[in-house]
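Student: Here is a sequence together with a model predicted from it:
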There are 2 protein chains.
Amino acid sequence: MHGLSPSEVVTVFLALGVLLSMARICGEIARKLNQPSVVGELLAGVVLGPTVLGSFYPDLMGRVFPSDGPVAVVLNGFVTVAIALFLLVAGMEVDLSTIWRQGKTAISVGVGGMLMPFGFGFLAACVAPLALGCEPDAERVAFALFFATALSISALPVIAKTLMDLNIYRSDLGMVVIAAAVFNDLIGWLCFALILGMVSTGGNGHAWGIGGITIATFAFAALVLTIGRWCIHRSLPWVQAHTSWPGGVLGFALSLGLFGAAFTEWIGVHAIFGAFLVGVAIGDSSHLREQTRAIIHQFISFIFAPLFFASVGLSVNFLTHFDLSITLLVLLIACIGKVIGAWLGAAVGGVRGREAWAIGFAMNARGAMEIILGLLALQNGVIRERTFVALVIMAIATSLLGGPAIRWCLRLRRPRRLDQFISAKAFLVRLKAATRRDSVRELAQVGAAAAGLDRALVDAAVWDREMQGATGIGKRVAVPHARIDGLKSPVIAVGLSDNGVDFDAPDGDPARIIFLLLTPRQDDGAQIEILADIARKFGDENTRVKALQVGGFTEFLALLRTLPES
Amino acid sequence: MHGLSPSEVVTVFLALGVLLSMARICGEIARKLNQPSVVGELLAGVVLGPTVLGSFYPDLMGRVFPSDGPVAVVLNGFVTVAIALFLLVAGMEVDLSTIWRQGKTAISVGVGGMLMPFGFGFLAACVAPLALGCEPDAERVAFALFFATALSISALPVIAKTLMDLNIYRSDLGMVVIAAAVFNDLIGWLCFALILGMVSTGGNGHAWGIGGITIATFAFAALVLTIGRWCIHRSLPWVQAHTSWPGGVLGFALSLGLFGAAFTEWIGVHAIFGAFLVGVAIGDSSHLREQTRAIIHQFISFIFAPLFFASVGLSVNFLTHFDLSITLLVLLIACIGKVIGAWLGAAVGGVRGREAWAIGFAMNARGAMEIILGLLALQNGVIRERTFVALVIMAIATSLLGGPAIRWCLRLRRPRRLDQFISAKAFLVRLKAATRRDSVRELAQVGAAAAGLDRALVDAAVWDREMQGATGIGKRVAVPHARIDGLKSPVIAVGLSDNGVDFDAPDGDPARIIFLLLTPRQDDGAQIEILADIARKFGDENTRVKALQVGGFTEFLALLRTLPES
């Protein structure tokens, strides 16, 4: 094989390392700000690409991310494989049976959420193509078709993530949205594959022509989702029984994904389409173990996907190609078409008022998919940089809007968890107190300081409550608590005791992990939710043992954050 | 970024898919034959490369694995990153503290197992370089140094795998071997890095000269293993506490690995060295969660490593460059030097007779490491194809020898497990019998058929035993059993009963999962080991529920094979 020179190898590792670490860091920052991590990953690319780094230090950018030569080819190869594998994972999240289970409503939402934005988009692109960034000499029909398709596809991964974050993924509403989004995705991708085939035929002169590509695409999709799905379902137990675990299944799934990608690219539509279909077929099998899914999902979503999304920013200067009027117009058409379309679909399907709007906003979220589409269209000359930038911004904005809008429509609150309200200030790794009275006093002091309240007031409130009944809940855990007037949000002080403090627990064991829990007077739910969270997390012996071994607050927080979801 | 044409994209996906699937399939076949899977992965490359496919269908090979052009560059990039990541994982398996815990013995084994083969190899390469495949015009000192180093490095991953398979990884002997192998690896890699630096200086004219590279290498190694290790250990809880789980840690570990690789490649030694050192530093932290280790390990060992090992075969024609005399000579020098050196070291360290020999054979295993070294030396012109082929064969042969030799030295038997002795022939997914007597008869029939024994004889033996005391062990499981004269190896018949059969269990529940266990009369251990295995596996409610839902033998076997290790 053709070898890379040592300096090229250095650049490959450096470029991948910089892309990955920046993408992960920015992704985490976005998450801290309650935004989807894809937003941060995209911004990382914008910072590293021509928009920021390139405009200040073009030499440095050119050296780390050369635009030509073997290194550029290798990075391009990595990114190409990364998108395909990410789509494999996205496909694996699709559950075909939900489409049937939610039946009529889902299809009505799916059709409404597809036709309306497609119609709006197509109309707008036909009436005023130049206002949407179409070049005067571009192929107008392809542009209009692409634009309409881009507006009508939802972003299944973003939607699924948003619904999970809101804890309504498995609700009826959640399933309707997911089923409709799956329907949207499948149809949308097929449309896009055809448009791309149309354009590529012009550009590269694919031997089959548009008719051949259309037939091959539908035939492949039908084959994979019927016979392919059945074969995979039948093979999985055999693979798991006769190969090493989990290596056999991993290799099986990834090989199939790669072959699927190769095949659809070969018939003239993009590789990601084949990987996605294979993912749907694999993910649908009930024989697929949760662990296999988790390994593939985690490695690809956290390593390959960030690499891809960060690389998007490397290709375009987002500042010079930013056009406010195009962006606003795209955003407007996209939101109105999708929200109203999906709302209408939901209403027709029998969903009432606020819930129908929630479905509309949920379906409105775009993200990963839109950007992949946009990038392909850009590379194939269907759209230009200005429209691409507008589409990316639209995708990000609608994703950002989704969570808050649904929460507002359904009047949802986020469930409150222990780890949101503890802090280094109110954490005592060695509690000095030996009695119940003293330990409440000691924890009230740090808790009051963290909450900005009077120490004596907190102490009195907690001790009053303690006198009505001791708060040792057994298994060496105690949760003294009180509702406090004027407190804005819960504050929890944590103390670990070497010798234990008698909190009069039912099992008689002295408490060694003590949570002092202060909640706002008017907030009924906070206390009960956090108490339940503590009971669930510290009901596990393993967690208690590890908690008693921590050396400080950060380790304690790390322990809470890395507990398996229950 | 420089784009790949659609047909190049097809080739990239196809080449990766073919490499991965062939490597995994051949790896699994090797495993079935009780060989390390790396042997199969290498053979997959030999089959796909010039040795087999290329000599029959050179056109086809050239189209799937082009030797030049963008696709070759992309594949090369993938393989380069794959080795580096594999070494990151290998480094993570190293446990620095074991070196200190086993102290004197480990160092004595490590030094003996290092110096003796190094001395032998160096001597042989100086005395008779041509007999070892050195070209007359090659740089003899570099050749001799490389050859000696290649013989003295052990293959930590292969050794660790072998010891785990034999269930002696955590024994004293196991820890001595692992500690010595770690010591060997670190020193060996440093030596090799220096030789490579020496050669590259000649070839590419690295600005620093050999002195600069030596200092930089040692300084980097020292820095990573002291301050770097400390920083990583301190950062991990913070990363786990403040980033998404497990994405934050995955990104952190892989980014560091990529940066380490870039750095060592930049100072003039190979990228893998930096990735390995970073892996050691990360793997040593007690804050690293088992789950993180597992995700990285499984994805990289089962996806990236096979890609790399299969790609080795693509570069060389193993048939035309096979030289029997060189191969035998290399094998002889390698084995004698390593086994005697390590045995001597063990004896000096106070290990007695057979155990000392077991240590010698354990240390003798080469594998992954040797092949990576050989490939680098080949690419850098230090050795030629004939020596490379001999080294690869030596690595495979010594790896194959390891397990059986240790088992023989220590008179070990493999622990027997349920899943080794069940078969489709003796599996009844719907047991018809309703009584204890009938169910024994029904299972004895299929069990006897599978064992090639007389039905009546088996039935009588099992029922006799059953009359001495019922074999319902509770929780809906029963294990009727008997020792049979003349049986060569255990045979287990399995029956699932819809309505349950009363086996007089302590908890009174009728048995729904019934194992009829036939073991050889003279084999005392078999019965108890398999009974314990059944009790352990089916003590879990979850396993029993899933077992009762299987639709056939393959699903039942898949269930057993995918149970978490306990």
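Tutor: Yep, that arrived. This is a predicted model, so every value here is computed, not measured.
Student: Residue ranges in chain A under the pLDDT threshold?
Tutor: In the predicted model, chain A carries pLDDT under 70 at residues A:1-3, A:99, A:157, A:170, A:197-210, A:368, A:414, A:565-566.
Student: just the strands in it please.
Tutor: Assigned by DSSP state E, chain A shows strands spanning A:427-428, A:472-474, A:477-478, A:481-484, A:491-501, A:511-520.
Student: Indicate which one of these is closest to A:Leu560.
Tutor: If you check each of these against A:Leu560 by Cβ to Cβ, strand A:491-501 wins as the nearest, at 10.1 Å. (Each C-beta comes from the backbone N, C-alpha and C, glycine too.)
Student: tilt between that closest one and strand A:511-520?
Tutor: With axes from the mean of the first three to the mean of the last three Cα atoms, to 10 degrees applied, the angle from strand A:491-501 to strand A:511-520 works out at 160 degrees.
Student: And the strands of chain A: which comes nearest B:Ala395?
Tutor: strand A:491-501 (51.3 Å).
Student: from the chain's centre, how far out does the closest one sit?
Tutor: Taking the mean C-alpha point of strand A:491-501 and that of its whole chain, the gap between them comes to 36 Å (Cα atoms, centre = their mean, to the nearest Å).
Student: try stretch A:297-304
Tutor: Averaged C-alpha coordinates place stretch A:297-304 at 11 Å from its chain's average position (Cα atoms, centre = their mean).
Student: From one end of it to the other, what's the distance?
Tutor: Distances were taken as Cα to Cα, to the nearest Å; on that basis the terminal residues of stretch A:297-304 are 10 Å apart.
Student: Contacts for that stretch, please.
Tutor: Stretch A:297-304 is contacted from outside by A:20, A:24, A:81-82, A:85-86, A:88-89, A:92-93, B:244, B:246-247, B:250-251, B:254, B:295-296, B:299, using Cβ atoms under 8 Å, 6 or more residues apart in numbering or on different chains.
Student: Pull out the buried positions in the longest helix along chain A.
Tutor: The helix that spans the most residues within chain A, counting by DSSP state H, is helix A:172-204. Buried positions in helix A:172-204, judged by neighbour count with 16 or more other Cβ atoms under 10 Å in any protein chain shown: A:173-201.
Student: Around chain B, pick out the residues from the stretch 101-250 of chain A.
Tutor: When proximity is defined by Cβ under 8 Å from any Cβ of the partner chain, the stretch 101-250 of chain A lies next to chain B at A:200, A:204, A:236-248, A:250.
Student: got it, and the stretch 251-400 of chain A?
Tutor: Applying Cβ under 8 Å from any Cβ, we find that the stretch 251-400 of chain A lies next to chain B at A:251-252, A:254-255, A:258-259, A:261-262, A:265-266, A:268, A:271, A:287, A:289, A:291, A:294-296, A:298-299, A:301-303, A:306, A:311, A:314-315, A:379.
Student: Run a quick neighbour tally on A:Gly367.
Tutor: 27 (other Cβ atoms under 10 Å in any protein chain shown).
Student: quick one: it and A:Ala397 touch, right?
Tutor: No - assessed by Cβ atoms under 8 Å, A:Gly367 is found out of contact with A:Ala397, at 10.4 Å.
Student: If we ignore the residues flanking it in sequence, what's nearest the residue of the stretch 301-450 of chain A found nearest chain B?
Tutor: Nearest residue of the stretch 301-450 of chain A to chain B (Cβ to the nearest Cβ) works out as A:Phe302 at 3.5 Å. In this structure, A:Phe302 finds its nearest non-sequential neighbour in B:Gly247, 3.5 Å apart by Cβ to Cβ, 6 or more residues apart in numbering or on different chains.
Student: Contact partners for the one you found?
Tutor: Taking Cβ under 8 Å, 6+ apart as the criterion, B:Gly247 is in contact with A:Arg24, A:Gly27, A:Ser37, A:Gln298, A:Ser301, A:Phe302.
Student: Can you tell me which of those end up in helices?
Tutor: Under the assignment DSSP H, those contribute A:Arg24, A:Gly27, A:Ser37, A:Gln298 to helices.
Student: Please list all residues in contact with the nearest residue to the second one once chain neighbours are set aside.
Tutor: Read it as A:Gly27. In this structure, A:Gly27 finds its nearest non-sequential neighbour in A:Ser37, 3.6 Å apart by Cβ to Cβ, 6+ apart. Residues near A:Ser37 by Cβ under 8 Å, 6+ apart: A:Gly27, A:Glu28, A:Ala30, A:Arg31, A:Pro306, B:Ser244, B:Gly247.
Student: repeat for A:Asp438
Tutor: A:Asp438 is in contact with A:Lys432, counting by Cβ under 8 Å, 6+ apart.
Student: before we move on, the earlier item: and the ones in helices among the contacts of B:Gly247 as a markdown table, adding distance to A:Ala444?
Tutor: Converted to a markdown table, these look like this (distance: Cβ to Cβ, whole Å):
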| residue | distance to A:Ala444 |
| --- | --- |
| A:Arg24 | 39 |
| A:Gly27 | 39 |
| A:Ser37 | 38 |
| A:Gln298 | 41 |
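Student: ok, of those residues, which one's closest to chain B?
Tutor: When those are compared for distance to chain B, the smallest value, 3.4 Å, is given by A:Arg24; criterion: Cβ to the nearest Cβ.
Student: Can you report how many residues lie near A:Asp523?
Tutor: 16.
Student: Now it: phi and psi?
Tutor: Backbone dihedrals for A:Asp523, given as degrees, to the nearest 10, come out at phi -90, psi 100.
Student: That one: what's its closest spatial neighbour, skipping adjacent residues?
Tutor: In space, A:Asp523 comes closest to A:Pro490 once its chain neighbours are excluded; the distance is 7.7 Å by Cβ to Cβ, 6+ apart.
Student: I figured the one you found hits A:Arg521, correct?
Tutor: No - A:Pro490 sits out of contact with A:Arg521 when judged by Cβ under 8 Å, with a separation of 11.5 Å.
Student: So for those two, which residue has more residues nearby?
Tutor: When A:Pro490 and A:Arg521 are compared on other Cβ under 10 Å, the one with more neighbours turns out to be A:Pro490, at 22 against 12.
Student: Identify the residues contacting that one.
Tutor: Here A:Pro490 is in contact with A:Arg416, A:Gln420, A:Phe421, A:Leu517, A:Leu518, A:Thr519, A:Pro520, A:Asp523, A:Ala526, A:Gln527, A:Ile530 (criterion: Cβ under 8 Å, 6+ apart).
Student: let's see it at 7 Å
Tutor: Applying Cβ atoms under 7 Å, 6 or more residues apart in numbering or on different chains, one finds that A:Pro490 lies in contact with A:Arg416, A:Phe421, A:Leu518, A:Thr519, A:Ala526, A:Ile530.
Student: Reformat those as JSON lines; add neighbour count and distance to B:Ser7.
Tutor: Rendered in JSON lines, the data for these read as follows (neighbours: other Cβ atoms under 10 Å in any protein chain shown; distance: Cβ to Cβ, whole Å):
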{"residue": "A:Arg416", "neighbour count": "19", "distance to B:Ser7": "55"}
{"residue": "A:Phe421", "neighbour count": "21", "distance to B:Ser7": "57"}
{"residue": "A:Leu518", "neighbour count": "29", "distance to B:Ser7": "66"}
{"residue": "A:Thr519", "neighbour count": "25", "distance to B:Ser7": "64"}
{"residue": "A:Ala526", "neighbour count": "20", "distance to B:Ser7": "60"}
{"residue": "A:Ile530", "neighbour count": "23", "distance to B:Ser7": "59"}
